[in-house]
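[1] heads up, no residue letters with this:
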């Protein structure tokens, strides 16, 4: 089986062929010695090499850069087979062995329906095989290479051996190829050669016979140590590779099937493991009003969460002083901590609400894009038709969304189609759009993204309500979307309801959308409680008439939240026709004022990670149970 060391080694060998195209006995492309190895160089070794004019290329795995991408059933596949050279001929009650013995073969004899077998070793011959059977079968006699069981009904068969492989897991790992040189010219020469040499390579052969998929991610140049004659460039790639197990054994002698090129591949008589649950990509939507206290929306959110009842909804870096709530402007460390938390929860991507690029509501997106740790967490945009504007000059959010869809790390589905979520809006909100309205705008998005080299965007039309209260299927079709879903699915009835009712309303929405005949994406609900916004109304969040303080859902405990997300996973996997994109959404990462959040939140003692831990554990346990089911013991 391949592990990360095999992947790094294979990449080192590939870099070696680029830098030493004529072999290690000949000079490198730079004319100087170039060291190529796995891992991070030690300061002492690197400084000595730089002083000697030696260039270095290192290959190593990025911390927090891995994610589980398992998606294939656990199935045995034949790698190789050997044909038997021993023969067995049956005449009446006598079996005559012939041909050539040797290892890698198994002989079988049945006597009146009872089976016996001999696995041959290297020195075995037809005669030794006959003698071995005679020692097992009562009343059997041997003459030379013939075995006789008087008066019995006898059959015989000889089979070869085979090797089978099963993929048990698949993972994507961020890999950095770092070029360390004493001059900028040398750095540029080596890095450019490696970059160009790898640009047309999609698959990397590994030592165990499997392959890794190689995908370019991003490049950084670092000259901060130029006073020490160190010039560096980092080439970052994503490599996806399988973890496998291999089994060697005999083909079936007698039974219901054999391991053959076209027959049932049952792993040499082993029981086939149950299919392993493969968790589809899960993404949480974001409302990013928690990152700049100078922003008016941030200030309004601080105001609504000032009552002590709501302090445990505050962002993790918040402070409460004399009843006044505040939080600092976010830093890169803030976002890096959120990325780590999202990975703990088992998320594959975030869906960023799309705001004006120069508004600090877009600060979280900027920090995410600038993070060195985002390799394991992809992203997509959640466009809002209400802010697309009247023409190209007035729609920077839309144009920014288009640019994002060809950036490294953007979430794609169905073979490379960028995922674009679009929030439904009223006719009043979109009346300023140019002729053709929303359908023309979405067609424009498709044309621009494909012209830039991206795939045809997979557009998902989201409403703000359950399908049972408002069907957005027709609107999605008219807009030219590929699928529809919901941002959130509360079904308020004027009274407080338990979280179990909110989870049930989400499941009803999944079922209704699956039955609609139009492609869908389900949404799991972390909560819904708008009381802070009702108690302290704010300009950014108009409250519908008649919405009272008693109209909300009780808070989810962590176990119930984890179970709800697993329910959504099972519904996605069970119906790939209804959900062809095979992804799910979670409301929400940080809708703190509305009561839907997954992210760690404020406590006086530090961030509360219970929700991310519970969802991550529930997903991992669901995968484990799919392979090793829980069994009730009988006393």
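    On my side now, so go ahead. Remember, predicted model here, so these are calculated numbers, not experimental data.

[2] confidence score at residue 370?
    On pLDDT, residue 370 comes in at 95.

[3] separation between it and residue 331?
    From residue 370 across to residue 331, the span is 11 Å (Cβ to Cβ, to the nearest Å). Where you see a C-beta, it was placed from the backbone N, CA and C, and this is true even at glycine.

[4] Likewise for residue 413?
    From residue 413 to residue 331 the distance is 32 Å (Cβ to Cβ).

[5] the more surrounded of these two?
    Legend: neighbour count by other Cβ atoms under 10 Å for residue 413 and residue 331, higher for residue 413 (22 against 12).

[6] For that one, which residues are in contact?
    Residue 413 makes contact with 281, 419, 458, 581, 582, 583 under the criterion Cβ atoms under 8 Å, 6 or more residues apart in numbering.

[7] which pair in those spans the largest distance?
    Farthest-apart pair in those is 281 and 458; separation 12.3 Å (Cβ to Cβ).

[8] Which members of the contacts of residue 413 are positioned in strands?
    With strands taken from DSSP state E, the overlap with the contacts of residue 413 comprises 419, 458.

[9] May I ask which of the contacts of residue 413 has the most neighbours?
    For these, the largest neighbour count, defined by other Cβ under 10 Å, is 28 neighbours, found at residue 419.

[10] Could you check how far it is from residue 382?
    Distance of residue 419 to residue 382, given as Cβ to Cβ: 10 Å.

[11] Walk me through the domains of this protein.
    Domain assignment of the chain by automatic domain parsing yields the ranges 4-69+169-246, 83-159, 282-627.

[12] And those domains: which comes nearest residue 253?
    Judging the domains of the chain by Cβ to Cβ, what sits closest to residue 253 is domain 83-159, at 3.6 Å.

[13] thinking again about what came up before, most neighbours per residue, which of the domains of the chain?
    domain 282-627 (a mean of 19; mean count of other Cβ atoms under 10 Å).

[14] mean confidence for stretch 494-514?
    For stretch 494-514, the per-residue pLDDT averages 96.

[15] ignore the last one, stretch 163-176
    The predicted model assigns stretch 163-176 a mean pLDDT of 92.

[16] How about stretch 605-621?
    Here stretch 605-621 scores 94 as its mean pLDDT.

[17] show me where the stretch 401-550 of the chain has helices.
    427-430, 437-451, 473-479, 499-514, 531-535 (DSSP state H, counting those that start in this stretch).

[18] can I get the ones you listed in a markdown table with distance to residue 27?
    Shown next, in a markdown table, are the helices of the stretch 401-550 of the chain (distance: least, Cβ to Cβ, whole Å):
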| stretch | distance to residue 27 |
| --- | --- |
| helix 427-430 | 64 |
| helix 437-451 | 43 |
| helix 473-479 | 60 |
| helix 499-514 | 63 |
| helix 531-535 | 69 |
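
[19] These: which one's closest to residue 35?
    The minimum distance between residue 35 and these falls on helix 437-451, with 41.7 Å, by Cβ to Cβ.

[20] Put together a markdown table for the domains of the chain, with distance to residue 276 on each row.
    Formatted as a markdown table, these follow (distance: least, Cβ to Cβ, whole Å):
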| stretch | distance to residue 276 |
| --- | --- |
| domain 4-69+169-246 | 8 |
| domain 83-159 | 29 |
| domain 282-627 | 5 |
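
[21] quick one: residue 413 from residue 384, how far?
    Residue 413 sits 21 Å away from residue 384, taking Cβ to Cβ as the criterion.

[22] Equivalent analysis for residue 489, please.
    For residue 489, the distance to residue 384 - Cβ to Cβ - is 19 Å.

[23] Repeat that for residue 99.
    Residue 99 sits 76 Å away from residue 384, going by Cβ to Cβ.

[24] ok, back up a step: out of the helices of the stretch 401-550 of the chain, which is closest to residue 180?
    Judged by Cβ to Cβ, the one of the helices of the stretch 401-550 of the chain that comes nearest to residue 180 is helix 437-451, at 36.9 Å.

[25] average model confidence for the closest one?
    92.

[26] do stretch 469-479 as well
    92.

[27] for stretch 107-114, same thing?
    For stretch 107-114, the mean pLDDT works out to 92.

[28] closest to residue 46 out of the helices of the stretch 401-550 of the chain?
    Shortest distance between residue 46 and the helices of the stretch 401-550 of the chain, using Cβ to Cβ, is found for helix 437-451: 42.1 Å.

[29] quick one: low-confidence parts of the stretch 51-200 of the chain?
    The stretch 51-200 of the chain contains no residues with pLDDT under 70.

[30] I'd like to know how far the closest residue to residue 400 other than its chain neighbours sits from residue 513.
    Leaving aside its sequence neighbours, residue 400 sits nearest to residue 357 (Cβ to Cβ, 6 or more residues apart in numbering; 5.0 Å). Plainly put, residue 357 is 33 Å away from residue 513 if you go by Cβ to Cβ.

[31] follow-up on the earlier one: what's the closest of the domains of the chain to residue 254?
    Using Cβ to Cβ, those put domain 83-159 closest to residue 254, at 5.3 Å.

[32] any idea how far the closest one is from the chain center?
    Put simply, domain 83-159 sits 52 Å off its chain's centre (Cα atoms, centre = their mean, to the nearest Å).

[33] what does stretch 300-320 give?
    So, by Cα atoms, centre = their mean, the centroid of stretch 300-320 is 33 Å from its chain's centroid.

[34] got a list of contacts for that stretch?
    Outside stretch 300-320, the residues that reach it (Cβ under 8 Å, 6+ apart) are 289-290, 293, 323-328, 330, 334, 337, 532-533, 535-536, 538-541, 590, 592-593, 595, 597, 599-604, 606-608.

[35] So for it, first residue to last residue, what's the gap.
    Chord length of stretch 300-320, first to last residue, is 15 Å (Cα to Cα, to the nearest Å).

[36] got the residue ranges for the strands in the stretch 1-150 of the chain?
    Along the stretch 1-150 of the chain, counting by DSSP state E, counting those that start in this stretch, strands occupy 34-38, 55-68, 76-81, 86-91, 94-99, 106-111, 114-119, 140-143, 146-149.

[37] Any idea which of these gets closest to residue 365?
    Nearest of those (Cβ to Cβ): strand 55-68, 19.2 Å.

[38] which other helices and strands contact that closest one?
    With contacts defined as 3 or more Cβ pairs under 8 Å, 6 or more residues apart in numbering; DSSP states H and E, the packing partners of strand 55-68 are helix 4-19, strand 34-38, helix 43-51, strand 161-181, helix 184-199, helix 332-344.

[39] got the angle between it and helix 184-199?
    Interaxial angle, strand 55-68 versus helix 184-199 (axes from the mean of the first three to the mean of the last three Cα atoms, to 10 degrees): 40 degrees.

[40] Which neighbours in the sheet does strand 55-68 have, and how are they oriented?
    As defined by DSSP bridges, the strand partners of strand 55-68 come to strand 34-38 (parallel), strand 161-181 (antiparallel).

[41] Just put those in a markdown table and tack on distance to residue 72.
    What follows is those, written out as a markdown table (distance: least, Cβ to Cβ, whole Å):
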| stretch | distance to residue 72 |
| --- | --- |
| strand 34-38 | 28 |
| strand 161-181 | 6 |
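
[42] Nice, that's everything, thank you.
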